[in-house]
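Undergrad: Generate a structure from the sequence data that follows.
(one chain, ligands or ions: 1)
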Amino acid sequence: MPYDVAIIGAGPSGSWTATLLARRGARVLLVDPSHPREKPCGGGITGRALALIRDAIPEGRLPAVRIRAARFVESKNDTYADVDLAGDSTALVVASRTEFDGALVAAAERAGASVRATRITDICRTSSGFELTTADRSHIPTRFVVGADGANSLVRRKVSRPFRRDQLSIATGYFAHGVTSDRIVIEMFADPPGYVWSFPRPHHLAIGICAQADAGVGVESLRAMVALWIQSTRIAEGGSLEPYSWPIPSLSSADFLSLDLAGPGWLTVGDAAGLVDPITREGIFFALQSAVAAADVLSSAAPDRSERYVARVRDEIASDLARAARYKDSFFKPRFTRLLVDGLQSSAKIRSVMADLVAGTQSYRGLKWRLARTAEFGLAWKLLANWSA
Ligand SMILES: Cc1cc2nc3c(=O)[nH]c(=O)nc-3n(C[C@H](O)[C@H](O)[C@H](O)COP(=O)(O)OP(=O)(O)OC[C@H]3O[C@@H](n4cnc5c(N)ncnc54)[C@H](O)[C@@H]3O)c2cc1C
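TA: Just a heads-up that it's a prediction; the model follows:
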């Protein structure tokens, strides 16, 4: 058996699992045909995500834009508030996924993982683990399989079950090449509930919108909304537009509390596990955090590794994402977004709470208490009263 662990997918979750396991001496195979590639993504990487991979990508080494401000726009009344992020230099950076994911694949190779550029087309259980079939028709035996293969995960389809339509959202938009900035823009809409974003990378803007896949709005209509937004805001003037679309797991609170994450000889990490914040759609941090949990559990000799992984992800990740899912419905209601923008305009304390949410340093667990303690009693009270979770 040449490999202890075969990891399918070399996005952040797969490459980081491979790096950590290979550093601990495991024989690791990392399989992905796509690199170098740009993944459709905002590319926003929070300080907490960068902290996890600091020894593989030292501070300042990743070509990225340090975000100095976030503009929140309330679509219905066309009002906005700016939140300053410049105080914390690593609160949020935005990078091209070619650069970021490429740096993590390189870290896995440096750590000793074997990297193969091929697609896995089938996974079959054997008496000693699994056999993987590749697109070039070779067969690879492995004791353990890690599914790090994103929202359309083959591993989920073969050993567990795929996400249902109501567990996915569709993201679509444009890369605007030749334009950049140091400010993210988020304009909140009630129909479909969500927001349009512009995230500036070093050489282009990643502009997009996202809606629940069963919301009854197709990719074409969503992309038309983005095109209209780009036209009316003139945010991409002078740039050339390249369209994209991609699914994002967007689970409900009940889904997060009953995640199907692992079984005998397999586990899933990152998007393949459904670990994305259903409000902000931050997924890179949770991809890395689940990779840390997977590597810890897989390098232990414990007989109940699957159960340990599930318990750890539930406690460290899923319980807070379940809270986000409960808040989500009220978050995009016009009454709430108006109050939010009012609060951001008039209260430095509420701006500071929002800055921490964007940077990923404010969990959903303590959010209500922190808002209540801002001493902006009127504003905080109205916000909380409209936040029906
Ligand atoms: C439009 C959009 C905007 C987003 N914005 C942000 C953001 O700003 N910040 C943030 O934190 N998150 C964001 N996300 C979420 C983020 O992109 C994901 O959560 C993150 O990429 C998950 O990492 P992963 O490694 O689990 O999966 P992925 O990055 O999706 O990587 C999966 C890999 O698996 C490979 N693969 C798939 N099938 C196979 C196969 N059969 N064989 C071999 N390889 C295979 C693919 O080629 C791919 O490289 C966004 C997502 C979208 C769609």
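
Undergrad: Disregarding flanking residues, what is the spatial nearest neighbour of residue 61?
TA: Once flanking residues are discounted, residue 61 sits nearest to residue 103: 7.7 Å by Cβ to Cβ, 6 or more residues apart in numbering. Yep, even glycine has a C-beta here, placed from its N, CA and C like the rest.

Undergrad: touching the ligand at all, the helix or strand where that neighbour lies?
TA: Element membership of residue 103, judged by DSSP states H and E, is helix 97-111. No: if you take Cβ under 6 Å from any ligand atom as the test, helix 97-111 misses the ligand, and the best it gets is 6.7 Å.

Undergrad: Export that helix to PDB, keeping only CA atoms.
TA: Output of helix 97-111 as PDB, limited to C-alpha atoms (Å, rounded to 0.1, in the frame of the first residue of the first chain):
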ATOM      1  CA  ARG A  97      -6.600  32.100  -5.900                       C
ATOM      2  CA  THR A  98      -3.900  31.100  -8.500                       C
ATOM      3  CA  GLU A  99      -1.300  32.600  -6.200                       C
ATOM      4  CA  PHE A 100      -2.800  31.500  -2.800                       C
ATOM      5  CA  ASP A 101      -3.700  27.900  -3.800                       C
ATOM      6  CA  GLY A 102      -0.400  27.600  -5.700                       C
ATOM      7  CA  ALA A 103       1.600  28.600  -2.600                       C
ATOM      8  CA  LEU A 104      -0.300  25.900  -0.600                       C
ATOM      9  CA  VAL A 105       0.300  23.200  -3.100                       C
ATOM     10  CA  ALA A 106       4.000  24.100  -3.100                       C
ATOM     11  CA  ALA A 107       4.000  23.900   0.700                       C
ATOM     12  CA  ALA A 108       2.500  20.300   0.500                       C
ATOM     13  CA  GLU A 109       5.300  19.300  -2.000                       C
ATOM     14  CA  ARG A 110       8.000  20.800   0.200                       C
ATOM     15  CA  ALA A 111       6.600  18.800   3.200                       C
END
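
Undergrad: So for it, what gets flagged as buried?
TA: 97-109, 111 (16 or more other Cβ atoms under 10 Å).

Undergrad: Could you verify that residue 188 is part of a helix?
TA: No: with DSSP: H, G, I helix; E, B strand; the rest coil as the criterion, residue 188 is assigned strand and is not in a helix.

Undergrad: Could I get the contacting residues of it?
TA: 72, 73, 74, 75, 194, 195, 332, 337, 340 (Cβ atoms under 8 Å, 6 or more residues apart in numbering).

Undergrad: From the contact counts, what lies against the host helix or strand of residue 330?
TA: Secondary-structure assignment from DSSP H and E places residue 330 in helix 319-331. Judged by 3 or more Cβ pairs under 8 Å, 6 or more residues apart in numbering; DSSP states H and E, the packing partners of helix 319-331 are helix 253-256.

Undergrad: neighbouring contacts of the helix it packs on?
TA: By Cβ under 8 Å, 6+ apart, helix 253-256 touches 167, 274, 318, 319, 321, 322, 323, 325, 326.

Undergrad: buried ones in the strand or helix carrying residue 295?
TA: Here residue 295 sits within helix 284-298, counting by DSSP H and E. By neighbour count with 16+ other Cβ under 10 Å, helix 284-298 contains the buried residues 284-298.

Undergrad: Give the rounded mean pLDDT of stretch 90-105.
TA: The average pLDDT within stretch 90-105 is 94.

Undergrad: Just the buried residues of the contacts of residue 188.
TA: So, by 16+ other Cβ under 10 Å, the buried ones in the contacts of residue 188 are 72, 73, 74, 75, 194, 195, 332, 337, 340.

Undergrad: Next, the contact list for the second one, please.
TA: Remark: with contacts taken as Cβ under 8 Å, 6+ apart, residue 73 is in contact with 79, 80, 185, 186, 187, 188, 341.

Undergrad: What is the neighbour count of the third one?
TA: Using other Cβ atoms under 10 Å as the criterion, residue 185 is surrounded by 23 other residues.

Undergrad: So it, which state does it fall into?
TA: strand.

Undergrad: Do you know the pLDDT at it?
TA: 97.

Undergrad: cool, and the last one?
TA: In the predicted model, residue 341 carries a pLDDT score of 92.

Undergrad: begin at 22 from here
TA: Sure, I'll start numbering at 22, so the last one becomes residue 362.

Undergrad: thought it was touching residue 104?
TA: No: judged on Cβ atoms under 8 Å, residue 362 makes no contact with residue 104 at a distance of 10.6 Å.

Undergrad: hey, what's in contact with both of these two?
TA: residue 93.

Undergrad: of those two, who's got more company?
TA: The residue with more neighbours, out of residue 362 and residue 104, is residue 104; 21 against 18, by other Cβ under 10 Å.

Undergrad: related to what we said a few turns ago, report the angle between the helix holding residue 124 and helix 305-319.
TA: Counting by axes from the mean of the first three to the mean of the last three Cα atoms, to 10 degrees, helix 118-132 lies at 20 degrees to helix 305-319.

Undergrad: Mind giving me the packing neighbours of helix 118-132?
TA: Using 3+ Cβ pairs under 8 Å, 6+ apart: helix 118-132 touches helix 33-44, strand 49-52, strand 135-137.

Undergrad: Many thanks, I have nothing further to ask.
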